[in-house]
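1. from the sequence below, what's the structure:
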Amino acid sequence: MIDTGHDLYLAVQKLDLLEKSPQFWWPNAYTFEVLVGAILTQNTQWKRVEESLINLRNNNILSLESLAATEIELLIECIRPSGFFKAKSKNIQTLCQNIISDFSDFYNFQQEVSREWLLSQRGIGPESADAILCYGCERGVMVVDKYTQQLTSALGWEFETYDDLQAWCMEGFVDDHLARELALFHGMIVEYMKRYKKGALVETSPLTSVR
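-> Numbering: from 1, shown residues only. Have a look, this model is predicted:
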């Protein structure tokens, strides 16, 4: 039976879903690139984000200081593949400027930033904030997204709020290696749902027997 988030983690862990993924699922985890990617991936496919990141690298502006100071027109053109490029470019640049103002550099940001600070920033909601904390700052925070909601719902669990779902997903975990386990847990859910066409809703999926 799956009664806690940790039960679900153990169930999906058996499926080797991350065999071909980066070490902590998100590409270049625990680097500045995650912060940019977390904003770019809003309402778009990851392959579009990758195109934008390549453009930023090719223009030598994929760094905190460069993005804070670059011409907004160049930033817009670089991230155009990700969609909503005007809003995202402004959000990325403002966030970078605020990080420099409040934390001086990205290392200090990783060590000191709070979820509340992130949620106070333009264009950062709970999912983006938690992605930055989890994959950018190596914090013990579970990212929950539409795939998480779809899978838990199919397994018979319903939650009223994002925070309620997040709390259930983190139930049963201990502090040892928490940040990395939660990073992989989120990645496994995403890969499971992609592989099994929104997963537990398909009768032939591996988790059907534990519902």
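
2. and the spatially most central residue of the chain, what element?
-> When Cα atoms, centre = their mean is applied to the chain, the residue found nearest the centroid is Ala131 (3.2 Å). Take DSSP states H and E as the rule and Ala131 turns out to sit in helix 126-131.

3. over to Ala38?
-> Applying DSSP H and E as the criterion places Ala38 in helix 32-40.

4. in space, what's closest to the residue nearest to the centre of the chain - neighbours in sequence excluded?
-> Ala38 (4.3 Å; Cβ to Cβ, 6 or more residues apart in numbering). (Each C-beta comes from the backbone N, C-alpha and C, glycine too.)

5. before we move on, what about Cys134?
-> Of all residues not flanking Cys134 in the chain, Val141 sits nearest, at 4.8 Å (Cβ to Cβ, 6+ apart).

6. for Val190, same thing?
-> Closest residue to Val190 apart from its sequence neighbours, by Cβ to Cβ, 6+ apart: Tyr147 at 5.2 Å.

7. what do you get for His186?
-> Nearest non-adjacent residue to His186, counting by Cβ to Cβ, 6+ apart: Val143, 4.5 Å away.

8. the residue nearest to Val190 and Glu191, how far apart?
-> Separation of Tyr147 from Glu191 (Cβ to Cβ, to the nearest Å) stands at 9 Å.

9. what about those two, which has more around it?
-> In this view Tyr147 and Glu191 are compared by other Cβ atoms under 10 Å, and Glu191 has more residues nearby, 20 against 17.
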